[in-house]
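> need a structure here:
(one chain, ligands or ions: 1)
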Amino acid sequence: MAKAYDHLFKLLLIGDSGVGKTCLIIRFAEDNFTSTYISTIGIDFKIRTVDIDGKKIKLQVWDTAGQERFKTITTAYYRGAVGIILVYDITDEKSFENIQNWMKSIKENASAGVERLLIGNKCDMEGKRKVQRDEAEKLAKEHGIRFFETSAKSSVNVEEAFSTLARDILQKSSRKAAPSSSRPLLEPGPPRKTGGKCSLA
Ligand SMILES: Nc1nc2c(ncn2[C@@H]2O[C@H](COP(=O)(O)OP(=O)(O)OP(=O)(O)O)[C@@H](O)[C@H]2O)c(=O)[nH]1
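Numbers count the residues shown, from 1 in each chain. Purely as a prediction, here's the structure:
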């Protein structure tokens, strides 16, 4: 029987407790949202297969608990991920400041070539915004990664963020598989654009 997918990518979402990691995954995998907050215990995952540039990509998306007490369990999952999404909440300054710590955690625990992406979630709450978009853009640029403002609630940029990460991983893996005359894996890629403006002002 033909394989149901061409590639399997393991993705991981990390970030402070309450920023919306679970909701982003539920929006992406099930196109659903609930405002009831049930904090993740340890780790969980959901699956969705997407079509990227004619390839079937099965995304296994791991949801980690943001609470400090689960750190030993969650960091054990970093190593197997090919992509990590760092999430903060645009209405919570502290969650943005902590992105530096989450970056450090990736450096300490993830595989060297892991593809990263930064998300500022809850962009439907413009009136309560504490983190300016340009601050986050600057941070993303410093780390050479892409950035999206999303809303799991209003379904803004969620699809775009996940498929952009999947596409970047796919392109990286095909460059890796290509003959040595092609661009080396570690050479910086083309300038990285950040995601479109969160349309909910
Ligand atoms: N307004 C708004 N609320 C959101 C959004 N995403 C999540 N929330 C709410 O924020 C709260 C926390 O969401 P979760 O997805 O459980 O947060 P988490 O990051 O998984 O939290 P932990 O499991 O504790 O790490 C819930 O009450 C959600 O309904 C969003 O895009 N907009």
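
> Tell me what the most centrally placed residue in the chain is bridged to.
In the chain, the residue lying closest to the centroid (CA atoms, centre = their mean) is residue 85, at 2.2 Å. Counting by DSSP bridges, residue 85 forms beta bridges with residue 13, residue 117.

> ok, now how distant is it from the ligand?
Remark: distance between residue 85 and the ligand (CB to the nearest ligand atom, to the nearest Å) = 11 Å. (Glycine included, C-beta is placed from N, CA and C.)

> Make sure that residue is actually in contact with residue 161.
Yes - with contact defined as CB atoms under 8 Å, residue 85 reaches residue 161; the gap is 7.1 Å.

> list residues touching both of those two?
Residues touching both residue 85 and residue 161 by CB atoms under 8 Å, 6 or more residues apart in numbering: 24, 117, 119.

> Neighbour-wise, give me the winner out of those.
Highest neighbour count within the shared contacts of residue 85 and residue 161: residue 119, with 32 neighbours (other CB atoms under 10 Å).

> what's around the residue nearest to residue 164 when sequence neighbours are not counted, how many residues?
Counting by CB to CB, 6 or more residues apart in numbering, residue 146 is the residue found nearest to residue 164 once chain neighbours are left out, at 6.1 Å. Around residue 146 there are 20 other residues, counting by other CB under 10 Å.

> Hmm, residue 118 and residue 146 touching each other?
Yes - taking CB under 8 Å as the definition, residue 146 is a contact partner of residue 118 at 7.1 Å.

> Show me the common contact partners of the two, please.
In contact with both residue 146 and residue 118: residue 140, using CB under 8 Å, 6+ apart.
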